[in-house]
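A.B. asks: next comes the sequence, and after it the predicted model I'd like to discuss.
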Amino acid sequence: MHPIKVFAAQANPTRMGLIGLAAFFAAATPANLAPAFAAPSLPPQQQVDIQQQGELLHATIYKPEGAGPFPLVIAAHDCGGLQGRTSQVRSHYRNWTEQLIKAGYAVMLPDSYGSRDLGPQCRVKDSQVRAANERAGDLQASQQWAASQPWVQRSRISLLGWGEGADALLSVIRLRQGVRPAAADFRSAIAFYPDCARPSSLGWSARVPTLLLSGEDDDVNPSAVCRQMIDDTKGRSAFAKFVGYSGAHHGFDRTGIAVQSVAQKDDADLPSRGHIGTNAKARADAQRRVIRWLGR
């Protein structure tokens with residue numbers, strides 16, 4: 001049996017409405033991490049522009065067949081950005097979109113960097129686009145836009161994020177005292193290997209059911225901090241669960257990437273420290289858990 005550690009916290013969920021995200025999608029992976037597999041088959045995409053604090057947030061949307069309304073997943077990319085060097089959406093996000101479409105979900109992917117004419121931000125010390133500010137605002141704007149669309153099932157808009165995108169997600173769903181919930185909030189949230197140091201120091205707790213997945217060998221964003229953060233939410237949070245995968249590193253849900261050190265690589269698409277790579281068993285388990293969590 002594949003070793004998986006699961007921690008959960010349960011209390012009184014307080015619901016607060018926020019307004020979410022937009023997306024832009026295509027497919028590529030840095031050459032030194034290029035997986036040997038065919039790009040997934042996806043339905044036709046729809047490009048949208050969303051007004052966000054005087055700027056246009058570009059988004060790409062994929063829908064299952066039919067008129068809907070569909071449950072929607074708003075997905076937030078990692079620090080490498082949504083697009084690769086060929087101006088196409090990275091295969092990582094395309095593969096997840098294919099899984100979600102098969103399960104009956106529409107997917108909205110925001111391009112937080114491309115919308116601001118920025119490249120990858122993994123190794124930028126003073127990024128103009130911060131997870132808890134601009135990127136969180138992108139997610140909020142996306143939810144607001146999506147909730148007004150007739151093809152969206154308004155009560156079933158969820159968040160999914162990776163790395164820095166997961167950091168933004170944790171900020172958006174954080175339970176804040178004195179903030180009243182709106183009529184509709186996100187249904188649930190799923191965070192892949194975020195940096196939990198800052199939210200943990202703020203006494204983070206969630207308004208909506210939240211699943212956090214991390215590799216136990218992640219040396220980019222250590223999983224132990226996230227495990228402790230989830231454990232500390234007991235009694236003051238919506239249901240939150242931590243799943244830790246033994247032997248898995250950062251980016252374990254990507255496909256066909258051999259585990260490798262990134263510190264010596266001159267690649268702006270990658271973190272500046274630690275290791276990254278696929279763990280096939282953890283990836284398969286995470287895919288099952290994500291679909292089950294969204295269906296709650």
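C.D. replies: Good, I have the coordinates.
A.B. asks: what's the least confident helix or strand in the protein, going by average pLDDT?
C.D. replies: strand 4-9 (a mean of 53; mean pLDDT, DSSP states H and E).
A.B. asks: following it, which helix or strand comes up?
C.D. replies: Proceeding N to C from strand 4-9, the next assigned helix or strand is strand 45-52, under DSSP states H and E.
A.B. asks: pull out the buried positions in that following strand.
C.D. replies: 45, 48, 50, 52 (16 or more other C-beta atoms under 10 Å). C-betas here are computed from N, CA, C, even on glycine.
A.B. asks: which residue in the residues you listed has the weakest pLDDT?
C.D. replies: For the buried residues of strand 45-52, the minimum pLDDT belongs to residue 52; the value there is 84.
A.B. asks: for the nearest residue to that one once chain neighbours are set aside, which three-state class applies?
C.D. replies: Using C-beta to C-beta, 6 or more residues apart in numbering and skipping residues adjacent in sequence, the residue nearest residue 52 is residue 141, 4.2 Å away. Put simply, residue 141 is helix when judged by DSSP: H, G, I helix; E, B strand; the rest coil.
A.B. asks: next one: residue 141 relative to residue 63, how far apart?
C.D. replies: Distance, residue 141 to residue 63, using C-beta to C-beta, to the nearest Å: 20 Å.
A.B. asks: of those two, which one has the most company?
C.D. replies: More neighbours surround residue 141 than the other of residue 141 and residue 63, with 23 against 20 (other C-beta atoms under 10 Å).
A.B. asks: surely that one meets residue 54?
C.D. replies: No: proximity of residue 141 to residue 54 does not meet the contact threshold set by C-beta atoms under 8 Å, at 11.5 Å.
A.B. asks: ok now stretch 53-71, how far from the chain's centre?
C.D. replies: Chain-centre distance of stretch 53-71: 16 Å, with C-alpha atoms, centre = their mean, to the nearest Å.
A.B. asks: what mean pLDDT does it get?
C.D. replies: Mean per-residue pLDDT for stretch 53-71: 93.
A.B. asks: same thing with stretch 257-271?
C.D. replies: 89.
A.B. asks: list the buried residues for it?
C.D. replies: In stretch 257-271, counting by 16+ other C-beta under 10 Å, buried: 257, 259, 262, 265, 267, 268, 269, 270, 271.
A.B. asks: just the ones of the residues you listed in strands?
C.D. replies: Per DSSP state E, strands hold no members of the buried residues of stretch 257-271.
A.B. asks: residue 252 is in contact with residue 278, isn't it?
C.D. replies: Yes: Residue 252 lies in contact with residue 278 (C-beta under 8 Å); the separation is 6.3 Å.
A.B. asks: which one of those two has more residues nearby?
C.D. replies: Neighbour totals were compared for residue 252 and residue 278, and residue 252 leads with 28 against 20 (other C-beta under 10 Å).
A.B. asks: confidence score at that one?
C.D. replies: pLDDT, residue 252: 98.
A.B. asks: tell me which stretches of the stretch 151-296 of the chain form helices.
C.D. replies: 164-172, 197-201, 223-231, 280-294 (DSSP state H, counting those that start in this stretch).
A.B. asks: show me what the third one is packed up against.
C.D. replies: Pointing back at helix 223-231 there. Helix 223-231 is packed against strand 4-9, helix 197-201, strand 210-215, strand 240-245, with contacts defined by 3 or more C-beta pairs under 8 Å, 6 or more residues apart in numbering; DSSP states H and E.
A.B. asks: highest mean neighbour count out of those?
C.D. replies: Comparing these by mean neighbour count (mean count of other C-beta atoms under 10 Å), strand 210-215 ranks first with a mean of 28.
A.B. asks: what does it contact?
C.D. replies: 166, 170, 173, 188-194, 196, 221, 223, 226-227, 230, 238-245, 247-250, 252-253, 279, 282, 286, 289-290, 293 (C-beta atoms under 8 Å, 6 or more residues apart in numbering).
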